[in-house]
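Colleague: below: sequence and its predicted model.
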Amino acid sequence: MIDPAVAERIRSDISSNDVVLYMKGTPVFPQCGFSAQAVQILSMLGVNFKGVDILADPSLRQGIKDFSNWPTIPQLYIKGEFIGGSDIMKEMLQSGELQKTLGEKGVPFENRKVG
């Protein structure tokens, strides 16, 4: 069961930022390879995003997993919608689906060809 205060904090983050990445560490200093890969993908596309370090708050570390019903970190949200983790982000980037999603949701990015 997710703490209501944690759920509210998550709802606030994902509603007040176009793109939010819940990750281990920070965008400048990721603390795991998967978080580093997620940051690299967003940075390569020139997407402005809010990075939230789940290691800094144990209640958030479990809370974000309960909130999304997704067991792993990182977790990407675009315009309030849960997208997935680094593997899904990588697949979506390579297929063009991530760029399409960003465009459809009106999130500015650099439309670079991948692959």
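Modeller: Cool, the structure landed.
Colleague: contacts, neighbours, all on C-alpha from now
Modeller: Will do.
Colleague: helix, strand, or coil at the residue nearest the centre of the chain?
Modeller: The centroid of the chain falls nearest to residue 76 when counting by Cα atoms, centre = their mean (2.1 Å). Using DSSP: H, G, I helix; E, B strand; the rest coil, the structure places residue 76 in strand.
Colleague: read off the pLDDT value for it.
Modeller: In this prediction, residue 76 carries a pLDDT score of 98.
Colleague: i'd like the first residue to be 38 from this point on
Modeller: OK, 38 is where the count begins now, so the last one is residue 113.
Colleague: residue contacts, the closest residue to it other than its chain neighbours?
Modeller: Counting by Cα to Cα, 6 or more residues apart in numbering, residue 58 is the residue found nearest to residue 113 once chain neighbours are left out, at 4.6 Å. By Cα atoms under 8 Å, 6 or more residues apart in numbering, the contact list for residue 58 reads 86, 87, 88, 89, 111, 112, 113, 114.
Colleague: what do you get for residue 68?
Modeller: 61, 62.
Colleague: can you pull out the helices in this structure?
Modeller: 41-53, 70-81, 95-105, 123-132, 134-141 (DSSP state H).
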